[in-house]
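Trainee: Give the three-dimensional model of this entry:
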Amino acid sequence: MIWSAARKSAEHLVQILDEEFDALKAQNLDAFEQLQGQKVTLIANLAEVSPPQSGQEASEWAGFQDLILGCRDRHRRNSLLIQRKLDAIRAALKTLQGADPASSVEVYDRLGRLAGAKRRSGYAQA
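Mentor: Numbering: from 1, shown residues only. Alright, predicted model coming up:
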């Protein structure tokens, strides 16, 4: 791959990863899914880039590596956001299913009291 094309592809990947992050933050899954095809194509193209054989291209290679490192960091950021959202969804599902009776999550009724709390003392006094 020619260096100018490789750099352009890397810059486009940076843009795609930033758009992906914005879509994830907004929970816009349609936009997120549309970006995946472009991202995969760019990554496949960038995988063909090899280090320079001569010293003249060393500065271009260093700039290209910086772009790729930025892409890696953005990808990790996006991955972390996805993982946190999945963890929150799993925790909410677990709470709704009531799978863990020893859970520290407490549910309140409409009067602000703990739901399911034993009210023996109130009934005993009546």
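
Trainee: where do the helices sit along this protein?
Mentor: Using DSSP state H, the helices of the chain run over residues 3-25, 29-46, 58-97, 120-125.

Trainee: Format the ones you listed as TSV; extra columns: distance to residue 52.
Mentor: For glycine as for every other residue, the C-beta is placed from the backbone atoms N, C-alpha and C. Formatted as TSV, those follow (distance: least, Cβ to Cβ, whole Å):
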stretch	distance to residue 52
helix 3-25	8
helix 29-46	15
helix 58-97	5
helix 120-125	79
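
Trainee: okay, the ones you listed in a markdown table with mean pLDDT next?
Mentor: As requested, the helices of the chain are exported to a markdown table (pLDDT from 0 to 100):
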| stretch | mean pLDDT |
| --- | --- |
| helix 3-25 | 93 |
| helix 29-46 | 94 |
| helix 58-97 | 91 |
| helix 120-125 | 54 |
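
Trainee: Show me which of those helices has the highest average neighbour count.
Mentor: helix 3-25 (a mean of 16; mean count of other Cβ atoms under 10 Å).

Trainee: what packs against it?
Mentor: helix 29-46, helix 58-97 (3 or more Cβ pairs under 8 Å, 6 or more residues apart in numbering; DSSP states H and E).

Trainee: Just the angle for that helix relative to helix 29-46, thanks.
Mentor: Angle, helix 3-25 to helix 29-46, by axes from the mean of the first three to the mean of the last three Cα atoms, to 10 degrees: 160 degrees.
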